[in-house]
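Novice: predicted model and sequence below, questions to follow.
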Amino acid sequence: MNEPAKFNNVVSFLWAIADLLNGAFKKSEFQKIILPFTVLRRLDYALEKTKAKVLETEHTLKEKGLENRHGQLCRAAGYAFYNTSKFTYESLLHDDANLALNLRQYVMGFSPNVREIFAAFNFDDTIRDLGRVNLLYLLMERFNEKSKVDLRPAAMSNHEMGYVFEHLLRKFNEALNENPGEHFTPRDGIRLMVDLVLMLDTALAGNEAVTRTVNDCGCGTGGILSITKDHILQINPLAKVFLYGQELNPFTWAIARADMLILEPEGKDAENIKLGSTLSNDPLRDKRFDFQLVNPPYGDEWSKDFDAVTTEAARGFDGRFGAGLPRKSVGQMLFLQHFIQIAVVFLALFCGGVANGANGESIVGRVVGVHDGDTITVLTAEKNSVKIRLEGIDAPELKQAFGSKSKAELSGLVFGKEVIVADKGTDRYKRTLGRVACNGADVNLEMVKRGMAWRYVKYSKEPALISGEKEARAAGRGLWAEDKAIPPWIWRSKKNNLPSSGDAHENSKTKFQMESQLKHNRMHTTQNEYLTGQTAIDL
């Protein structure tokens with residue numbers, strides 16, 4: 001049987017089982033019943049050959065009084081999980097009167113890592129609900145029709161089961177007019193993305209036993225992770241590949257974890273698949289990865305993570321969201337910032353384009369122009385050219401001392417590189433005011449800390465910029481090496497608003513203001529520094 005026909009037959013059979021549920025359950029509840037029973041039947045098949053050995057090992061270890069039996073039971077089972085119940089899926093059907101009770105005991109006989117999976121499925125509630133409408137036996141009997149469907153790992157690989165689960169999810173969600181892409185990524189798209197990313201890893205094609213770590217922070221059923229691992233091993237069979245992931249939906253997380261338990265005998269990959277929201281609770285925050293690939297939830301709101309995200313964003317670049325927060329309907333931009341902070345080698349986003357920015361959003365693109373020490377031009381993926389004025393700082397004008405050096409410093413930081421710009425609005429010259437992030441660095445802050453720009457005190461009282469400026473001044477960096485460095489706003493004031501030489505009183509007044517300002521610059525470090533003599537001239 002060719003593969004498409006094989007997948008279609010299995011999917012059609014499992015979909016037909018859902019017909020038993022018509023009338024007794026809502027369509028929205030079908031997948032909550034069919035998916036866990038599919039996983040259960042497959043796990044039972046996997047343990048079938050070693051069941052007797054596991055029971056014997058359990059008995060022997062109990063007699064010896066050993067409490068920590070997990071490792072030896074896994075070795076007996078040949079997987080990173082086991083079942084010590086006297087029942088098998090098939091033997092449960094021999095006692096239909098006590099089926100619900102025995103099924104619960106059977107599930108409790110699994111190792112803790114599998115019990116977690118069925119807890120995520122709310123399987124106990126499913127058993128109860130099926131029992132109430134007298135469908136538990138009929139449903140389980142249908143899953144036992146071996147002549148019609150063979151879910152054994154030997155007959156249906158994990159790769160093939162991935163297709164099955166994804167086709168089921170698609171059919172369930174289409175029946176509810178929902179978007180199936182919320183739960184999985186089409187395999188053709190995954191293969192293309194993985195091939196493009198792996199092409200960049202020239203060291204992978206060697207003969208050495210390299211190690212690669214792969215992360216998908218919105219892993220769904222785990223398709224991206226398993227395909228990436230397969231492709232890496234095809235390129236280099238000696239490679240050691242470790243998978244990591246996180247998934248918000250308990251059902252798709254459970255499928256991904258069950259898949260990993262069968263795929264990887266030691267169970268390390270399965271343990272690395274975490275349940276929960278990446279945005280509000282990142283259990284992998286201290287890890288770095290070689291490859292990161294994800295199909296983030298495009299257009300989904302992040303309002304449920306609002307408190308955690310805004311709290312972390314307040315930490316600036318000490319957290320993941322220092323580049324700024326997008327509108328609540330643009331959650332994918334938070335995933336992008338998350339990626340940039342933890343990526344080591346390669347980054348891939350499965351997307352058709354990135355938002356080119358508006359107030360409150362972020363702009364992603366390549367810097368194609370640096371005009372001076374605080375103004376750049378960014379070209380987005382949509383070929384939109386956006387002029388960015390770095391918000392909160394003021395660099396020396398090009399005709400000032402350090403003006404050219406400031407421009408050169410900014411060029412070194414960003415020119416020709418990808419940046420994320422947190423859109424802070426526009427100035428009166430129609431430039432976008434932005435906080436710029438590049439390679440994980442806060443460019444605005446970096447320019448101040450390097451002594452190549454002032455904090456623009458008229459528009460910013462940000463503690464990080466204040467602290468950065470103090471640091472640069474104390475170290476005598478850049479423009480602070482000069483005793484009489486003139487802030488750009490005063491320089492512009494002098495250039496544009498200085499009264500005529502015939503007005504001696506006004507000339508002396510302006511000179512006094514400027515001298516007072518320079519003295520104030522050298523002596524004080526408070527938030528109100530540089531205010532003397534500052535004019536209303538914009539930027």
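Specialist: Good, I have the coordinates.

Novice: my read: L103 touches R128, true?
Specialist: No - using Cβ atoms under 8 Å, L103 is not in contact with R128, being 10.7 Å away. Where C-beta positions appear, they are placed from N, C-alpha and C, glycine not excepted.

Novice: okay, those two: which has more neighbours?
Specialist: Legend: neighbour count by other Cβ atoms under 10 Å for L103 and R128, higher for L103 (24 against 13).

Novice: so what's that one up against?
Specialist: Applying Cβ atoms under 8 Å, 6 or more residues apart in numbering to L103 gives the contacts L92, I127, L136, M140.

Novice: what are the buried residues along stretch 404-422?
Specialist: K405, S406, K407, E409, L410, L413, V414, E418, V419, I420, V421, A422 (16 or more other Cβ atoms under 10 Å).

Novice: cool, stretch 51-60 as well?
Specialist: Of all the residues in stretch 51-60, those buried under the rule 16+ other Cβ under 10 Å are K51, V54, L55, T57, E58.

Novice: let me see the contact set for the first one.
Specialist: Contact criterion Cβ under 8 Å, 6+ apart gives N83, T88 as the residues in contact with K51.

Novice: if you set the cut-off to 10 Å instead, what comes out?
Specialist: Neighbour list for K51: D44, A76, A77, Y82, N83, T84, S85, K86, F87, T88, S91 [criterion: Cβ atoms under 10 Å, 6 or more residues apart in numbering].

Novice: ditto for the fourth one
Specialist: For T57, the contacting residues are T50, R69, Q72, L73, C74, R75, A76, A77, Y82, T84, taking Cβ under 10 Å, 6+ apart as the criterion.

Novice: now do the last one
Specialist: With Cβ under 10 Å, 6+ apart as the criterion, the residues that contact E58 are R69, Q72, L73, A76, Y82, N83, T84, S85, G109.

Novice: now swap in the second one and tell me
Specialist: Under the criterion of Cβ under 10 Å, 6+ apart, the neighbours of V54 are 47, 72-79, 82-85, 109, 111.

Novice: swap the cut-off to 8 Å and go again
Specialist: Each residue near V54 by Cβ under 8 Å, 6+ apart is listed here: L47, L73, A76, A77, Y82, N83, T84.

Novice: that one: what secondary structure?
Specialist: helix (DSSP: H, G, I helix; E, B strand; the rest coil).

Novice: about what we covered before: of the contacts of L103, which pair is most distant in space?
Specialist: L92 and I127 (11.3 Å; Cβ to Cβ).

Novice: show me the shaky parts of the protein.
Specialist: In the predicted model, the chain carries pLDDT under 70 at residues 1-7, 174-186, 299, 342-361, 440, 497-539.

Novice: state the pair within the contacts of T57 that is farthest apart.
Specialist: Pairwise over the contacts of T57, using Cβ to Cβ, the maximum falls at T50 and R69, 14.9 Å.

Novice: quick check: buried residues in stretch 459-475?
Specialist: Y459, S460, E462, A464, L465, I466, G468, E469, K470, A472, R473.

Novice: er, stretch 21-38 actually
Specialist: For stretch 21-38, by 16+ other Cβ under 10 Å, it's L21, F25, F30, Q31, K32, I33, I34, L35, P36, F37, T38.

Novice: and the contacts of stretch 204-217?
Specialist: By Cβ under 8 Å, 6+ apart, stretch 204-217 touches 198, 201, 203, 222, 224-225, 228-229, 232, 235-236, 238-246, 278, 282, 284, 287-294, 296, 335, 338-339, 342.

Novice: restricting to C-alpha, output it in CSV.
Specialist: The C-alpha trace of stretch 204-217 is given here as CSV (Å, rounded to 0.1, in the frame of the first residue of the first chain):
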residue,chain,number,x,y,z
LEU,A,204,27.0,19.1,9.9
ALA,A,205,28.0,17.4,6.6
GLY,A,206,31.4,16.2,8.0
ASN,A,207,32.2,12.7,9.4
GLU,A,208,32.4,13.8,13.0
ALA,A,209,29.9,13.0,15.7
VAL,A,210,28.6,16.6,16.1
THR,A,211,26.0,17.5,18.7
ARG,A,212,23.0,19.7,17.7
THR,A,213,20.2,21.1,19.9
VAL,A,214,16.8,21.9,18.3
ASN,A,215,14.0,24.0,19.9
ASP,A,216,10.4,24.7,18.9
CYS,A,217,8.8,27.0,21.5
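
Novice: tell me how far it lies from the chain's centre.
Specialist: Averaging C-alpha positions (Cα atoms, centre = their mean, to the nearest Å) puts stretch 204-217 20 Å from its chain's average.

Novice: how about that stretch, which residues are buried there?
Specialist: Buried-residue list, stretch 204-217, by 16+ other Cβ under 10 Å: L204, V210, R212, T213, V214, N215, D216, C217.

Novice: state the pair within the residues you listed that is farthest apart.
Specialist: Farthest apart among these - using Cβ to Cβ - are V210 and C217, which lie 23.0 Å from each other.

Novice: hey, where'd the strands end up in the stretch 101-250 of the chain?
Specialist: With DSSP state E, counting those that start in this stretch as the criterion, the stretch 101-250 of the chain has strands at 211-216, 240-247.

Novice: scan the protein for its longest strand.
Specialist: In the chain, taking DSSP state E as the definition, the longest strand is strand 362-372.

Novice: can you list the strands that that one pairs with?
Specialist: When sheet partners are counted by DSSP bridges, strand 362-372 sits next to strand 375-380 (antiparallel), strand 418-426 (antiparallel).
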